[in-house]
Each structure stands twice: as C-alpha cells, then as structure tokens.
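Enquirer: sequence plus predicted model, see below.
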Protein chains: 2
Amino acid sequence: MPDFVHQRHKPPTSLERPRDLVLVCAPLRSNINLSRIVRTASCCGVSRLIACGPSKIDTKVSRVTSDEFPIEKHRSLPPVLKALRGEGYQLVGLEQTTNSQNLHQFSFVHKTAIVVGNERLGLTEDALVLLDHVVEIPVYGLPYSYNVATATTMALYEFCRQYPTG
Amino acid sequence: MPDFVHQRHKPPTSLERPRDLVLVCAPLRSNINLSRIVRTASCCGVSRLIACGPSKIDTKVSRVTSDEFPIEKHRSLPPVLKALRGEGYQLVGLEQTTNSQNLHQFSFVHKTAIVVGNERLGLTEDALVLLDHVVEIPVYGLPYSYNVATATTMALYEFCRQYPTG
C-alpha cells in the first residue's frame, strides 16, 4: 500500500463560524484577473466580494456562478470603504506604502475587509486615506511585483491560516 | 501628511543566503498557468524551476525573460524527482492524498523541492510514490479546488513566510 493515494472530491474544510471577511477590489483592468480572484475568494470562504468599476466575470475562469457566489458591484471604491468602516470592518489595503506592514507578521482581526488595487495604479490616494492598515508582501526577485490575483491569493491564504475554522 | 503614501519601486527584500528551493511542475495543460507560476516563482526567489512536458512561456504573463529566470525543461516528472532526491532535496508534493498534511501546519526544510501536478490529473501515482511528503491546502467553498497557479502561490508564500531571508 503506497503512502500517498490520490483522493478526489475530498470534503471541504468546515467553518465553525461564518467568516466575516470581505474582499474589495478597486476597478481592475482585467476581467480575467477579477475572475481568478473570484474563484480563489470563493474557495477561501470569503463572505462578500465587492467589485468596483465595470466588471464581467468569466465563469470558465471563476468556476462559480453568480448564484453560487454573488458579487456586489459598485461604481467606485471610496464610498464602499466608508460604508464598510461604518459597519465595523477593519480596512486592510494590499500595497507598498510608507508605514505598510509585512504580511508575514500582520495579525488580522476577524472582521476584516481586504482591499486590493488596480493592476497598474495600485491603491490610489483617495482609498489609502480611508484604510486602517496597509500590508505588503516581500518580493525577492524580478519582475519585483506580484500579479494582483497572486497578491490577493497570498493575503487570503494568510487570513485563512490565521482563522482556519472561521 | 497622510499615513500611507504609495511607494513605487521599493527595493526588493534581500536574501541573507540563497534559497535552496526548487519548484517542479508536472506537464501542465496551460502555458498561461505555467507562465503565471514563472512570474510568482521568480518574485519569490525560487532558485530553480523545472517544467516537465512541452511548454512555452508567455513573457507578457511571466514578465521575466529566460535569461533573467532560466527554466529547466524535461520530458517527464519521475526522472527529475529521482535526480533531486539524489541531490538531497526533500520532495514535497501539492495534492489531496491519504496522509497529506495541512500546508498551514507543515514545516518545510531549507532544501526543498515543491512538486505541482497537472490541472486535471494532479500528481499521478508514478510521482506520488517518489515523494517524501504531500501537503494539501484547506478549501472552504465552491468550486472546491484551487487553480494550479493559485495553489502554487500559496505553497511558495508559505515557504517564504518560513524562510523570509532565505
């Protein structure tokens, strides 16, 4: 009997309480990046995904329908951030800024909104002023920047690592 | 003066010693997935990337040339794994199997080869028998599986978190 036998269709990990994790995307250039983010967010048990700007999900990439994982669409980012702040979410941006903290050491609170910026522009000033914290991810080699869906994946992974059962 | 001011072109994190991390990809279906993996691996300071099967990197996706981040190409996976084992690498597969360990709790050794499988087939039996460990990533929601580049990103992030300076 070999040590490792492939297990297809293993049951997912159950959450002991619902996640209170919101993922907020600034208007993105690429619907493919957004669709990849949708798949990862749904797999990670994100409770709400808010996409700003014009967006269209490619379900061949996201692998979930809008019924299975609804997306809230808004025109622009700052009003969304103000509303979430009013609902008591800690707003954590993903960006390289002054006073940004290393994702490796950052402790998330349970009620968090992770905010990701545009592929080219990142998070702009009108969003940065509304954030509680900014986290950045160490980069060690060329091209010295992660793709937006890749960076989002790392932040969601780190949140799940800190809250493995919700 | 606002708390968070965008910093473009921040210097990368320096490694105090070279990483001894090899990333090995089984023959993949999608060159786009492979090209995304190349970008992330290069950013994470992976020392060698070995791609099995026919492959073509799209540098618009990878954002690095083959001079900047060379890729070793091989025909099939098992001989590569045997060679790495001979060089003293601990072989860690990314898959859902019997006896697989949770990535959240897994401790990597410094000299590691992370092995990722095909999008559809995952890691097949001829590779699984050669591995020292298998790690899996908790999944909480639909579609109940991470894209191969997304899963690879999580494993590389976890390795870098454990070895932030090499």
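Expert: That came through, no problem.

Enquirer: contacts only, for the closest residue to A:Asn118 other than its chain neighbours.
Expert: Excluding the flanking residues, the one nearest A:Asn118 by Cβ to Cβ, 6 or more residues apart in numbering or on different chains is A:Ala26, at 5.1 Å. C-beta: built from backbone N, CA, C; applies to glycine. Contact analysis of A:Ala26 by Cβ atoms under 8 Å, 6 or more residues apart in numbering or on different chains lists A:Cys52, A:Gly53, A:Leu77, A:Val115, A:Val116, A:Gly117, A:Asn118, A:Leu121, A:Leu123, A:Thr124, A:Ala127.

Enquirer: one more: A:Phe108?
Expert: Counted by Cβ under 8 Å, 6+ apart, A:Phe108 has contacts A:Gln90, A:Val92, A:Glu158, A:Phe159, A:Gln162, A:Tyr163.

Enquirer: look up how far B:Cys44 lies from A:Tyr146.
Expert: Taking Cβ to Cβ, to the nearest Å as the measure, A:Tyr146 falls 9 Å from B:Cys44.

Enquirer: pull the CA atoms of the longest helix anywhere in chain A into PDB?
Expert: Criterion DSSP state H: the longest helix present in chain A is helix A:148-162. Output of helix A:148-162 as PDB, limited to C-alpha atoms (Å, rounded to 0.1, in the frame of the first residue of the first chain):
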ATOM      1  CA  VAL A 148      -2.900  41.400  -8.500                       C
ATOM      2  CA  ALA A 149      -4.600  37.900  -8.300                       C
ATOM      3  CA  THR A 150      -1.400  36.400  -6.900                       C
ATOM      4  CA  ALA A 151      -1.000  39.100  -4.200                       C
ATOM      5  CA  THR A 152      -4.700  38.600  -3.300                       C
ATOM      6  CA  THR A 153      -4.200  34.900  -3.100                       C
ATOM      7  CA  MET A 154      -1.300  35.400  -0.600                       C
ATOM      8  CA  ALA A 155      -3.400  37.700   1.600                       C
ATOM      9  CA  LEU A 156      -6.400  35.400   1.600                       C
ATOM     10  CA  TYR A 157      -4.100  32.400   2.400                       C
ATOM     11  CA  GLU A 158      -2.600  34.300   5.300                       C
ATOM     12  CA  PHE A 159      -6.100  35.200   6.600                       C
ATOM     13  CA  CYS A 160      -7.200  31.600   6.400                       C
ATOM     14  CA  ARG A 161      -4.000  30.400   8.100                       C
ATOM     15  CA  GLN A 162      -4.800  32.700  11.000                       C
END
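
Enquirer: show me whatever sits in contact with both of A:Tyr146 and B:Cys44.
Expert: Residues touching both A:Tyr146 and B:Cys44 (Cβ under 8 Å, 6+ apart): A:Val139.

Enquirer: quick one: which of the two has more around it?
Expert: Set A:Tyr146 next to B:Cys44 and count neighbours by other Cβ atoms under 10 Å in any protein chain shown: B:Cys44 wins out with 25 against 20.

Enquirer: the residue nearest to the more buried one when sequence neighbours are not counted - how many residues pack around it?
Expert: Spatial nearest neighbour of B:Cys44, excluding adjacent residues (Cβ to Cβ, 6+ apart): B:Leu156 at 4.5 Å. Per other Cβ under 10 Å, the neighbour tally for B:Leu156 reads 22.

Enquirer: same check on A:Pro164?
Expert: A:Pro164 has 15 neighbours, counted by other Cβ under 10 Å.

Enquirer: correct me, but it touches B:Pro138?
Expert: Yes. Using Cβ atoms under 8 Å, A:Pro164 is in contact with B:Pro138, at 6.4 Å.

Enquirer: could you tell me which residues touch both of these two?
Expert: What both A:Pro164 and B:Pro138 touch, as defined by Cβ under 8 Å, 6+ apart, is the set A:Thr13, B:His104.

Enquirer: so A:Ser42 sits in a strand?
Expert: No. According to DSSP: H, G, I helix; E, B strand; the rest coil, A:Ser42 belongs to no strand; its state is helix.

Enquirer: tell me, how many residues neighbour it?
Expert: Other residues near A:Ser42 come to 22 when the count uses other Cβ under 10 Å.

Enquirer: give me the below-cutoff pLDDT ranges for chain A.
Expert: Chain A contains residues with pLDDT under 70 at A:1.

Enquirer: helices of that one, start to end?
Expert: Assigned by DSSP H, chain A shows helices spanning A:31-43, A:59-62, A:77-86, A:125-128, A:148-162.

Enquirer: wait, which of these is closest to B:Arg48?
Expert: Nearest to B:Arg48 among the helices of chain A is helix A:148-162; the distance by Cβ to Cβ comes to 19.8 Å.

Enquirer: so where do the strands sit in chain A?
Expert: Here chain A has its strands, by DSSP state E, at A:20-25, A:48-52, A:71-74, A:90-94, A:101-102, A:111-116, A:133-136.

Enquirer: separation between the closest residue to A:Lys56 other than its chain neighbours and A:Ser62?
Expert: Leaving aside its chain neighbours, A:Lys56 sits nearest to A:Asn31 (5.0 Å; criterion: Cβ to Cβ, 6+ apart). Between A:Asn31 and A:Ser62 the computed distance is 10 Å (Cβ to Cβ).
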